[in-house]
Structure formats: C-alpha cells, structure tokens
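1. from the sequence below, what's the structure:
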Amino acid sequence: MHISGLESVAVVIVNHNAGSLLTQCVVSALEQAQNAIVVDNASSDTSLTELELRFSTENRLQVIRLENNVGFAAGCNTGLSATTQPYILFLNPDCLLQENSLQRMVQVMESDPTIGMVGGYLINPDGSEQGGGRRAIPTPWRALVRAFGLYHLEKYWPRLFFDFHLNKRPLPQTPVEVEAISGALMLVRRQAVDDVGPWDEQYFLHCEDLDWCMRFKQKNWKIVFVPDAPVVHFQGTCSRSRPFFVTWHKHKGMLRFYRKFFRQHYPNTLMGLITAGVWLRFAVTVLYHSARNCYRLLKFKHE
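-> Prediction:
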C-alpha cells in the first residue's frame, strides 16, 4: 500500500457510553491510522476509564472531554477541528475496523480526485450486511414507497417504486458510486469538507449523515461504497439504554432533513403526508418501546 494511507488519515470517534467497545474500536483504528481522536459526549459509564488505562502511554491518541452531550454532529465537528490530515475517518465507537479495511478505503479515495467520501462494508457481528452502509437518498416519494410497502412492486416498475435500501441487493464486486453511506463509517477528503462545510449541528442524532451526503452530491463530490473493506458494527450500543431520547431526536432529524432539502421541490400536500407519516412512525415506535419495557418489568417481578 502507498505509505500515505497510514500517515494521511486521522480517525475521529465520537463516544457516548460505548462501554468496553470504545477501547476495542481505538485498538483497531490505531493499527491502521496515524492517530485517533476520541471526543467524549459526557459519558457516564466506564468507557473512558477503560480507554485511558489501556492507552496510558500512547501519544497517538487524543481524548477531548465535553462537559455536556452536544450531539453527534457537533461532536464530529469538534474532532474535525482537531485534525490536520488530508483524510478523516469518522468511526462510531461500536465499530471495529477489520484487517486492511482503512487502507483499502484510502486506496479507493486516492484513485480518483473527484471522490469526496468513501464508505466500507458495514456488517453485523454475525457477518450479515447492515442497512445504511450503501443506500440511496430517501426522498419523500421513496419514503412513501417504503412506508406503504410499494417497494414490492419494484420488480415491475423499478424506477417508480425504487427501494432506497440497497443492502438486500447483491454485493458489488468492485467499488461503486452510491448516493449515501452511513455516518458510522465515513472517510472524507479534507478538500471536499472545505468545499461542502462541516456537519450540520442542528441535528442532534440521526439524519446528519444523510444531510452531509446530500451536500457532497450538491457540490459534485462522488460518494463511493467499497465492498471489500469490512467493518463490524455493534449497532445501537450507545443508544440502547435511552430508546425514547434517541427516538425523539431521530424523528426530529427526519423532519429537518425533509424540510431542508425537499420543501421547495415537492407539493405541500405530499410534504404534509410526510410530516404526518414521520410523527405516526414516532408514535408507533414509542408505543413499541413502552410495551417492551412493561413486559420486561412484569417478567422481572414474576421471576
């Protein structure tokens, strides 16, 4: 591999209660990158303590402690401002880079100066592909197609009923350009970031990655998915303990995303349906979490 693949990358990890996975994440990152920056969003668990015990003499690791949880996007921007390298990898603390994955992503990035963002092959611990690693932008129409199950008609009318989830499709054999990747694993070119601007801090959690992908595309920077750069993602590690908090911010993020990019291009009626659909989805999700909590409580009392 070209030596710049090791020296030109800084890894930014925004942590909030990732537990012992944070240390494992940093271990995997420092095996492949020049340095890592952990921005801690006021964690209350032992993740930072474990990390600092493991890396007490490591000068390639920088830890930035924030007094309050400022959200994912703002945490990413804090880490970004502490980097100087031409490439920055944003990596979730519950992700583990597999052997040579970062090197492969950098190799693809360096193959074309018009590539601004690269994502890898996000997989679950059982090896199955995770949704979000490669996807299309969920426009209002595509969201409706998905919400009402119309994507089942895609085989008859593929353009009309296109499903924005791409992880159910055959895995490509070579890197391919996509509309969006996941914020859990984003390698970006500094030159592109200077052109596009930082993460939008009006998002607290969720949809900020789609926002950035939209802005990269608007500035004509390519986004590429690399199928032979596997990364294991223990999805939900940081958010599992606060489902209502996460659900609230996720749906707020959805509304901001749709209003920001599509309000001027879609009829008010459709945008109204989208807004109602988002809040309906929020209500159903809250009911689901409430029912599950009640079941666990009742089960605990009878044990």
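
2. how about the helices in the protein?
-> For the chain, the helices defined by DSSP state H occupy 4-7, 21-30, 47-54, 72-81, 101-110, 140-147, 190-196, 208-218, 243-262, 268-301.

3. buried ones in the last one, by neighbour count?
-> Think helix 268-301. 271, 273, 274, 277, 278, 281, 282, 285 (16 or more other C-beta atoms under 10 Å). In this view, the C-beta of every residue, glycine as well, is placed from N, C-alpha and C.

4. repeat that for the fourth one.
-> Within helix 72-81, the residues scored as buried using 16+ other C-beta under 10 Å are 72, 73, 74, 75, 76, 77, 78, 79, 80.

5. ignoring the adjacent residues along the chain, who's closest to the third one?
-> Leaving aside its sequence neighbours, residue 74 sits nearest to residue 201 (C-beta to C-beta, 6 or more residues apart in numbering; 4.4 Å).

6. can you pull the pLDDT of that neighbour?
-> pLDDT, residue 201: 97.

7. the one 3 residues further on too?
-> Per-residue confidence (pLDDT) for residue 204: 93.

8. count the residues that sit near it.
-> The tally of other residues near residue 204 (other C-beta atoms under 10 Å) stands at 21.

9. that one and residue 71 touch, don't they?
-> Yes - using C-beta atoms under 8 Å, residue 204 is in contact with residue 71, at 3.8 Å.

10. mind listing the shared neighbours of the two?
-> Residues within reach of residue 204 and of residue 71 at once, by C-beta atoms under 8 Å, 6 or more residues apart in numbering, are residue 249.

11. quick one on the thing from earlier: what about the helices of the chain, which gets the closest to residue 37?
-> Residue 37 sits nearest to helix 72-81 of all the helices of the chain, at 4.8 Å, using C-beta to C-beta.

12. show me how far the closest one is from its chain's centre.
-> 13 Å (C-alpha atoms, centre = their mean, to the nearest Å).

13. same question for stretch 276-293.
-> Distance, centroid of stretch 276-293 to centroid of chain: 22 Å (C-alpha atoms, centre = their mean).

14. can you give the contact residues for that stretch?
-> Residues contacting stretch 276-293 (C-beta under 8 Å, 6+ apart): 143, 144, 147, 243, 244, 247, 248, 251, 254, 255, 258.

15. quick check: the first one touching residue 271?
-> Which is residue 143. No - counting by C-beta under 8 Å, residue 143 does not reach residue 271; the two are 11.1 Å apart.
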